[in-house]
Each structure stands twice: as structure tokens, then as C-alpha cells.
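Colleague: Structure, please.
(chains A and B)
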Amino acid sequence: MLPQDYTAAGNQTHGSAAWLFVERRIREVFERFDFREIRTPMFEPTEMIARGVGETSDIVTKEMFAWTKGDTNYVLRPELTAPIMRAYLQHRLDQQGPVQRLSYLGPCFRAERPARGRFRQFHQFGAEIIGSADPRADAEVVAVLMAIYGAFGIENLRLRINTLGTPEERTAYKAALRTFLTPRQEALSDISRERLDKNPLRILDTKLEYEQALLENAPILTDFLGQETRAFFDRVCSYVHDLGIPFVTDPKLVRGLDYYAHTTFELESDALNGALAGAGRYDLLAKDFGNPNPVPAVGFAAGMERLFVVLSDAGYVFPEVSAPDVFLVAIGNEAENWAFRKAQSLRKNDIRVAFDLKGRSMKAQMREADRSRAPLVVIVGDQELVSESVNLKNMAEGTQETIPELDLMHRIKRFSSK
RNA sequence: GAGGGUGUAGCUCAGCAGGUUAGAGCGCAAGAUUGUGGCUCUUGAGGCCGUGGGUUCGAACCCCAUCAUCCUCCCCA
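Modeller: Below is the predicted model of the structure:
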């Protein structure tokens, strides 16, 4: 048994074929929607992440794995939108075409308490459309997210959409909300009272019934939105509607990250408390990074582990791991050496080969062959070596024939191509 | 960060009110079948009973702490 400090809390080790299968399927959908995968570093300067995600956000204030090396502070990336925007600006991706459609899939890190569907190292997949202020871009992001869940046959989900408007509109609303809530702050929870000053929008998110009741008469964000914002949001909604994707609009949907403006949306499931995916438009992030011009952008981020929760709740059956084409069973030292070399030559011809590495009995090798689920087994002993023949066994049918060794490659290929 | 549940074999779990060598099923291994898998039967390997301390003649069991894990809250993917 290993010492208990050999593992860190909230992490998992993945060895399963299911993980690869899910990744592959996600990437297929991204390709279908013309997204190109981008990979950014696992750790980033704290400065960039803090600016991008927001100095006051929960993520930055209390959930980062951080360290210092030399004069620079680093963090393990807590999310990927900010790093991708950084990469876009730094590598001048706009020069490769006016609209960049980027996807990603990889680990992120947050120092939170682990829970169902939540880990300290977790994995996000997502997509960003950078360079388009067209409401169809927002709808495209919704579409690709829903298509991924659709690709797994998952449909019982709730999609909520809202607009946060422009910073000016939001500021005006924040002030109004604060004015409304301040005289009533005695009735608020401790957490909400703290937010009253810092970020009153987040109070809207409350799940406490008495707070929700209190908010019934509160000013509503929609009333503070200008003509343009409303028109834009209406177009986003109608595009999503055109795609046949069910959703509800929810003026109380706010998101924890500072960079959102205009469209925000969130995907939820009954299987889980937290969100499956969160998303939105973040036209101002580029300016936050010090870029002279704003860069319109919209994207989503979804949790792999949460997808797995939903899949396993739905009783999803993952395909079996891939089996070798053939298993080589060898009897005796000579035959073992033959099999060892034969495996290599078959593999050079794109045949997937497995064989025993323990010098075990033939019976044990057969059991191993069965377990490997190889459809064909080649059995070779001294007799076959002398006659330069091999026994080729069809495991499903239990039939076996002796063939010249020279025909082996051809026979395996012919069988596998059927 | 707050509250609660659970930690016994690779996995799923038993273990009566503290009592001697800690069990089952599945899985794994060997044999029955000396060159043939699955099915069956037999046998076997594998446990610091999460960790540390305490109470006791005696602790898997009781107490404390700690770690891990799960759930609720918080927040988010």
C-alpha cells in the first residue's frame, strides 16, 4: 500500500476507453462545426489570468493553485477563455482570417472542495468564436454545445439565456439594484450582504427562497437595456429558436466571471447541481488585456466530468476497448521466439498483435487470448515450426485450420477487412 | 470555508452487544484437460480492517484526531 500522501485530493486517474471515446466524439462535433483545436499552456502568469477572469471573481480570489518562480507569479490555469484570448492577441490570429473559430479540450485547475462532478483537476471542452459581433455567432456557440450533448443522445437539459447588456447598462442596473436592496439588507443572507457592495448582480443568483421572494419586486435588468442591446438579444434568441433548440430566457441569469457582456447562457441538468456548461459573449476581454481595440468574441465552456455524470445517470453504454486483430499463442521456447519476431513483422503491416509475456502454459495463453477479445488466434509449437505452418483459430466459431506460415499475413488481413 | 454520511481483499459488500487463526460473491492464479479459450468443479494467492493516538486484560467494532471519499450548502465546468 502506498503512503497516503502519494495522492492529492480531488484528482482522478483516467485509464478508461470511455474517456477517449468521449473526447473523440466531442472533437468530431467540433470539426463538423468548423472549429479548430487550440492548445495553450497548463500554467500562465497570474497577472494575465487575474486580468482576464476578473480580480474580484471567486476563481481569482480563492480558487487558484499559485506559486512564484523568480519574479513571476504563476497559476495553473483555472479556465481557458482568457488564455485563448491572450493567444489570439499575442499570435495575431486575426491576421489568419477575420473570424477565428477555436475549440479546446483539456485540464483546468481550481482549489475548491471536491464534490459530485467537481474536481480540483477537471477538464473543460469549449469553443470560442473570435472576431464576429454577429448574433449568429452566439447562436453557433449554442448550436455546437447542444450538438455535442446531442451526439451522446442527451436531451433532457435546460438551456437558459440572458443578456447582461453593455457595461454602461449594467452599471446603471447595478446601481438601481443596490438602491433597492440597501434598505432591505437586513433581510439578506450574510453572503448576499457582502455582495451588495462588490457585485450585487450575483445576488440574483440566490437559491434561498426568502431572498428570491424579496427580489420579486426588485428592478429588472431588462428595463435598463437600450434599444440596440434588446434588438441584438432578440436576434440571438430568434436564431437559436430557428435552430430548433429549446431554451428559456432568464433575466436573473448572471455569471461569475467578469468578462461577460451581452449574451450569457447556461446549460443545466437535473442530474447535477452545478452547470454543465456556461457561456457568453465577452467583447471587452481584449480591451481588458490592453488591446487598443475591442475584439468581439463569444464562447462556451463545459465540464467533461459533468458530461460523464449526465452520461452515467442516463445509463450510457460506452463501446468496448478496441481488441487486437490477432493473439499469438506459442508453445515452447523456440515458438516463443518465433512469436516475438512474428508480432513485429505483422505490426509493421498494420496488424494489431498481442501475445503473452510471461512464458505461461498454453491454456493460460488461450485464456489471455480470449480475454483480449482478439477474433483470431495463431497457435504455434515445435511441430508447426518444423513444417513452417501455423494453426489459425477463429475464436467466435471455435474452428481451426492449419495453414502455411507464408499465408498468415494475408489470411489475417482478409479476415479483418470483413 | 460550514454541516453530515462512509472508509474491511483488485471490485461490490458481510462482520451479531468489543473476545482468540477477519469472511462471501465477483475477479485473479493453478489444476481437473501433459498442444486449445468461454461453461463446470477443485485448490490457491491476495487484508498493517484508511492513518495516528487513546480507553480496555483484549479493538475491524468504543473515544479523539487526521487523511481520503461521497452528499448538502457556497460557488462554479
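
Colleague: what's the helix or strand harbouring residue A:160 in contact with?
Modeller: Per DSSP states H and E: residue A:160 is located in strand A:158-163. With contacts defined as Cβ atoms under 8 Å, 6 or more residues apart in numbering, strand A:158-163 is touched by A:142, A:146, A:221, A:225, A:229-230, A:232-233, A:236-237, A:240, A:245-254, A:262-269. C-beta coordinates here come from the backbone N, C-alpha and C atoms, glycine included.

Colleague: again with stretch A:302-316
Modeller: Contacts for stretch A:302-316 (Cβ under 8 Å, 6+ apart): A:12, A:18, A:22, A:105, A:116-119, A:122-126, A:145, A:148-149, A:152-154, A:267, A:269, A:271-272, A:274-278.

Colleague: repeat that for 6 Å
Modeller: Contact with stretch A:302-316 is made by A:117, A:119, A:122-123, A:125, A:154, A:269, A:271-272, A:276-277, as judged by Cβ atoms under 6 Å, 6 or more residues apart in numbering.

Colleague: out of those residues, who's near RNA strand B?
Modeller: Among the contacts of stretch A:302-316, the residues within reach of RNA strand B (Cβ under 7 Å from any atom of the strand) are A:117, A:119, A:122, A:276-277.

Colleague: Okay, and which of those map to strands?
Modeller: A:122, A:277 (DSSP state E).

Colleague: and of the ones next to RNA strand B among the contacts of stretch A:302-316, the nearest to RNA strand B?
Modeller: Using Cβ to the nearest atom of the strand, residue A:122 is the member of those that lies nearest RNA strand B, at 3.4 Å.

Colleague: name the element the spatially closest residue to that closest one that is not a sequence neighbour belongs to?
Modeller: Once flanking residues are discounted, residue A:122 sits nearest to residue A:305: 5.3 Å by Cβ to Cβ, 6 or more residues apart in numbering. In the assignment (DSSP H and E), residue A:305 maps to helix A:304-313.

Colleague: one step back: farthest pair in the contacts of stretch A:302-316?
Modeller: Taking Cβ to Cβ as the measure, those span a maximum distance of 20.5 Å, between A:119 and A:154.

Colleague: Relative to residue A:151, how far out is residue A:24?
Modeller: Distance of residue A:24 to residue A:151, computed by Cβ to Cβ, to the nearest Å: 10 Å.

Colleague: the more surrounded of these two?
Modeller: Neighbours per residue, other Cβ atoms under 10 Å: of residue A:24 and residue A:151, the larger number sits with residue A:151, 14 against 9.

Colleague: if I pick the residue nearest the centre of chain A, what's in contact with it?
Modeller: Among the residues of chain A, the one closest to the centroid is residue A:125, at 2.7 Å (Cα atoms, centre = their mean). By Cβ under 6 Å, 6+ apart, residue A:125 lies in contact with A:26, A:105, A:302.

Colleague: just the residues you listed now: which is nearest residue A:81?
Modeller: When the contacts of residue A:125 are ranked by distance to residue A:81 (Cβ to Cβ), residue A:302 comes first, at 12.1 Å.

Colleague: contacts for the helix or strand of chain A with the lowest mean pLDDT?
Modeller: Taking mean pLDDT, DSSP states H and E as the measure, chain A has helix A:190-198 as its least confident helix or strand, at a mean of 74. With contacts defined as Cβ under 6 Å, 6+ apart, helix A:190-198 is touched by A:181, A:185, A:202-203.

Colleague: Repeat that for stretch A:233-245.
Modeller: Stretch A:233-245 has contacts (Cβ under 6 Å, 6+ apart) with A:135-136, A:138-139, A:142-143, A:146, A:163, A:247, A:263.

Colleague: Tabulate the CA atom coordinates of it in CSV.
Modeller: Extracted C-alpha coordinates of stretch A:233-245, given in CSV (Å, rounded to 0.1, in the frame of the first residue of the first chain):
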residue,chain,number,x,y,z
PHE,A,233,-30.6,39.8,-27.9
ASP,A,234,-33.8,39.3,-29.8
ARG,A,235,-31.9,38.3,-32.8
VAL,A,236,-29.7,35.9,-30.8
CYS,A,237,-32.9,34.3,-29.4
SER,A,238,-34.6,34.1,-32.7
TYR,A,239,-31.5,32.4,-34.3
VAL,A,240,-31.4,29.9,-31.5
HIS,A,241,-35.1,29.3,-32.0
ASP,A,242,-34.6,28.9,-35.7
LEU,A,243,-32.2,26.0,-35.0
GLY,A,244,-35.0,24.3,-33.1
ILE,A,245,-33.2,24.4,-29.8
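
Colleague: How about the residues of the stretch 201-350 of chain A by RNA strand B?
Modeller: Within the stretch 201-350 of chain A, the positions near RNA strand B by Cβ under 7 Å from any atom of the strand are A:202, A:205-208, A:255-257, A:266, A:273-278, A:301-303, A:305-306, A:331.

Colleague: and the residues you listed, which of them are in helices?
Modeller: Members of those lying in helices (criterion: DSSP state H): A:305-306.

Colleague: filter the residues of the stretch 201-350 of chain A next to RNA strand B to the buried ones?
Modeller: Buried members of those, counted by 16 or more other Cβ atoms under 10 Å: A:202, A:206, A:255, A:257, A:266, A:275-278, A:301-303, A:305-306, A:331.
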